[in-house]
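J.: Mind looking at a prediction? Sequence and model below.
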Amino acid sequence: MTQYLLAAEADKIQDFIFRSSRLREVVGGSQLLSRFCNEVPGRLQPDNTKMEVIINAGGSFRICFNDKDKANRFGADLAEVYRRATGSSLTVAEPVEVIDDFGKASEMAEDNLRKAKLWHAGWQSQEQIPYTAFCASCGVGLATTYTTYHKSEDKQYLCASCLNKNAERKGREHPEELGPFLGAFFQEVIKEPERLAQASWPGKEERNGRSKKDPTEDIADYDPRRYVAYLLADGNAMGEVFGECKDPKKMHELSKGLTQAMHQALAVPTKEIMDNIMENTPSSDLFIPVLPLILGGDDLFALIPAPWALDFAQSFCQVYESEMDKLVKRLDLIVPRPTISAAVVICKSKHPYKLAHEAGGARLKDAKRTSKRINLEKKESYSAINFEVVLGGRLVSAPPIGDFRPTLRPYWVTNNEVDDCGLSIKRLIEQRWKLRDIPNKRLSELQSLYDTSLDNDEIEPWKSQLDRLLLRINQRNEDQGGKIETALKSLGDSNSPYWREVSRYPDPAWYGHGLPDLLEAWDFALKLDTDRNAYEVNR
């Protein structure tokens, strides 16, 4: 029987999810999108029509029909329901006939979708009302209601989209009933239903009698200076992986397995914090200290505790690699080892989440580009982690220039050496532990010395300053001097002045060092499996 493959995809998903001044509504937007993908296709299925849902996650749809006209009608209905539910648009491509080769049909459907996104046929009418009010939450939607958004707040004008997000965010009474977004993640973290019913999470309106908080304030309780961290991640070469699926069953299993791998990857370090650190947490209730804001397909944006941010990202990438490797082997897909790129943004709890996401997006782009380059040059696949600590009003620091640069970012997720392409993030985390008893004065002196860009003609005078500093440290405390020298070698090169040569095609070679990166993220590089109090030594 002839089949027709319909491809559809939500437009500007992040704009829709972030179309709010409040972090809490980001969760509602993600939940609304997840529920739409899971429930709406089945409800719109035409009568007496065979419909096979291959992909329905992260705002992306691939669905097979046995009737072209009904496929077109379904696509139009899907776009209209999405518009009414979210106030945003969804692009639907012309259905592609599937004759013998599903893989070829899938490629054609993808091409049709890209063309449809570039050129929307027809015209779109805009709502026009003589007297209008814009939504007080998102600032762009036309208000439909004048009501209270959150308890203890004054009434304000709100649009239908923000009201829908708010309704989704509130969910139901128990987390296991929250649906495919938060509920699925919480069930991965706490598998026992009776314990899950007692759980709370960042931003929950009632936490064992505690007053309602913004999600970032709950997470800021983990850090004495009230820093939080945002984790962004995106799978590498996923187009190539999906392109290897030559039949709809494999593509469906890959899409389903990818979602499970992302949930598992986020849940493992979350459980490590809960199991190993909970005795030192601000409250005694069963608190899940991570809040996913976007978790669809291979795309992630999550709020996490700052002190363990780097190790959390490392654990996330390692679990993703392991789970995806099992998946592609089970599906018998001939693809490179699955990897992922991640970025961590560490900032004050009051820092706007949109600015944090923009900073993370820039760092994530660098990580993906570097990961792709090492794959092209060395035919090896590594997950990459980049990070940014937002200090003061600085959003994203300018990339360093010069022959000698105070960074080695991004870092790799591997236990092996990466030759001249950089270092493993594991090195930073290990040296944070080994240098825990070094006085702050010594760390400050090293930071002021290494945290600068140099040209070749400046390196000799700089080396003289380093030699004098190391000599002074050794004279006063030989044990501390030995630890510092070991760290300089581990985070750079084994030979003085310890700068490590970095070659990342097609950029020209330069020299860098990991110590400035470590000192920048000093308070946020704690190990997940180590008692936090063990880092607090008398210095």
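T.: Received it, and whenever you're ready, just let me know what you need.
J.: Partner strands of the helix or strand where Ile346 lies and their direction?
T.: Ile346 belongs to strand 340-348 when assigned by DSSP states H and E. When pairs are called by DSSP bridges, strand 340-348 turns out to pair with strand 227-235 (antiparallel), strand 383-389 (parallel).
J.: and the longest one, C-alpha only, in PDB?
T.: Right, strand 227-235. C-alpha atoms of strand 227-235 as PDB (Å, rounded to 0.1, in the frame of the first residue of the first chain):
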ATOM      1  CA  TYR A 227      24.900  31.600  42.500                       C
ATOM      2  CA  VAL A 228      23.000  29.200  40.200                       C
ATOM      3  CA  ALA A 229      24.000  27.400  37.000                       C
ATOM      4  CA  TYR A 230      22.300  26.700  33.700                       C
ATOM      5  CA  LEU A 231      23.200  23.700  31.700                       C
ATOM      6  CA  LEU A 232      22.700  23.700  27.900                       C
ATOM      7  CA  ALA A 233      23.400  20.700  25.700                       C
ATOM      8  CA  ASP A 234      22.900  19.600  22.100                       C
ATOM      9  CA  GLY A 235      23.700  16.300  20.500                       C
END
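J.: Would you list the phi and psi of Asn166?
T.: phi -60, psi -40 (degrees, to the nearest 10).
J.: What about it, how many residues nearby?
T.: Using other CB atoms under 10 Å as the criterion, Asn166 is surrounded by 21 other residues. Placement of C-beta: from N, CA and C, glycine included.
J.: how would you label the residue lying closest to it once chain neighbours are set aside: helix, strand or coil?
T.: Of all residues not flanking Asn166 in the chain, Gly28 sits nearest, at 5.7 Å (CB to CB, 6 or more residues apart in numbering). Recorded secondary structure, Gly28: helix (DSSP: H, G, I helix; E, B strand; the rest coil).
J.: ok, Gly28 to Val290 distance?
T.: 17 Å (CB to CB, to the nearest Å).
J.: So for this protein, the centremost residue is which one?
T.: Leu232 (2.0 Å; CA atoms, centre = their mean).
J.: so the nearest residue to that residue once chain neighbours are set aside is in which element?
T.: Among residues not flanking Leu232 along the chain, Gly360 sits closest, at 4.1 Å (CB to CB, 6+ apart). Gly360 is part of helix 353-378 when elements are defined by DSSP H and E.
J.: which parts of that helix are buried?
T.: 353, 356-357, 359-364, 366-368, 370-371, 374-375 (16 or more other CB atoms under 10 Å).
J.: Show the residue spans covered by the helices in the stretch 351-500 of the chain.
T.: 353-378, 425-434, 440-450, 459-476, 478-490 (DSSP state H, counting those that start in this stretch).
J.: I'd like those laid out as a markdown table, including mean pLDDT and distance to Thr147.
T.: As requested, the helices of the stretch 351-500 of the chain are exported to a markdown table (pLDDT from 0 to 100; distance: least, CB to CB, whole Å):
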| stretch | mean pLDDT | distance to Thr147 |
| --- | --- | --- |
| helix 353-378 | 89 | 24 |
| helix 425-434 | 96 | 47 |
| helix 440-450 | 92 | 52 |
| helix 459-476 | 93 | 63 |
| helix 478-490 | 94 | 57 |
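J.: is it possible to export those helices to a markdown table including distance to Tyr4?
T.: Listed next are the helices of the stretch 351-500 of the chain as a markdown table, based on distance: least, CB to CB, whole Å:
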| stretch | distance to Tyr4 |
| --- | --- |
| helix 353-378 | 34 |
| helix 425-434 | 46 |
| helix 440-450 | 61 |
| helix 459-476 | 65 |
| helix 478-490 | 58 |
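J.: Surely Glu377 touches Asp507?
T.: No. Applying CB atoms under 8 Å as the test, Glu377 and Asp507 come out as separate, 10.9 Å apart.
J.: My read is that Thr530 contacts Glu430, right?
T.: No. Using CB under 8 Å as the test, Thr530 is too far from Glu430 to be in contact (11.0 Å).
J.: Shouldn't Ile304 be within a strand?
T.: Yes. Counting by three-state DSSP, one finds Ile304 located in a strand.
J.: Check the gap between it and Pro202 for me.
T.: 10 Å.
J.: what touches both of these two?
T.: Common contacts of Ile304 and Pro202 (CB atoms under 8 Å, 6 or more residues apart in numbering): Ile219, Pro289, Val290.
J.: Which one of those sits in the busiest neighbourhood?
T.: Within the shared contacts of Ile304 and Pro202, most neighbours by other CB under 10 Å means Ile219, with 25 neighbours.
J.: if I pick that one, what's in contact with it?
T.: Pro202, Val228, Pro289, Leu291, Leu303, Ile304, Pro305, Ala306, Ser349.
J.: likewise Val537?
T.: Arg436, Asp437.
J.: okay, it: pLDDT?
T.: Val537 carries a pLDDT score of 74 in this model.
J.: cool, and Ala167?
T.: For Ala167, pLDDT reads 70.
J.: elements contacting the helix or strand where Glu240 lies?
T.: Using DSSP H and E, the element containing Glu240 is helix 238-243. If contacts are counted by 3 or more CB pairs under 8 Å, 6 or more residues apart in numbering; DSSP states H and E, helix 238-243 sits against helix 102-118, helix 248-277.
J.: Out of the ones you listed, which is the most enclosed?
T.: Highest mean neighbour count among the helices and strands packed on helix 238-243 (mean count of other CB atoms under 10 Å): helix 248-277, with a mean of 20.
J.: contact partners of the helix or strand following that one?
T.: Toward the C-terminus, helix 248-277 is succeeded by strand 291-296 as the next helix or strand (DSSP H and E). Residues from elsewhere that reach strand 291-296 (CB under 8 Å, 6+ apart): 13-14, 17, 23, 26-27, 30, 33-34, 37, 57-59, 181-182, 185, 201-203, 215, 219, 259, 262-263, 266, 300-303, 353.
J.: try 6 Å this time
T.: For strand 291-296, contacts defined as CB atoms under 6 Å, 6 or more residues apart in numbering pick out Val26, Ser30, Ala57, Gly58, Phe185, Pro202, Pro215, Phe301, Ala302, Leu303.
J.: ditto for stretch 374-383
T.: Applying CB under 6 Å, 6+ apart, the external contacts of stretch 374-383 come out as Cys317, Pro336, Arg337, Thr339, Ile340, Trp412, Val413, Thr414, Cys421, Tyr505.
J.: so the helix or strand containing the first one versus strand 227-235, what angle?
T.: With the criterion set as DSSP H and E, the secondary-structure element containing Cys317 is helix 309-330. Our comparison of helix 309-330 with strand 227-235, counting by axes from the mean of the first three to the mean of the last three CA atoms, to 10 degrees, yields an angle of 20 degrees.
J.: Buried by neighbour count: which residues of helix 309-330 qualify?
T.: Applying 16+ other CB under 10 Å to helix 309-330 flags 309-321, 323-324, 327-328 as buried.
J.: Walk me through the domains of this protein.
T.: 3-118, 213-397, 440-535 (automatic domain parsing).
J.: can you tell which of these is closest to Ala167?
T.: domain 3-118 (7.3 Å; CB to CB).
J.: Start and end of the closest one, how far apart?
T.: End-to-end distance of domain 3-118 (CA to CA, to the nearest Å): 26 Å.
J.: and that domain, average pLDDT?
T.: The pLDDT scores in domain 3-118 average 88.
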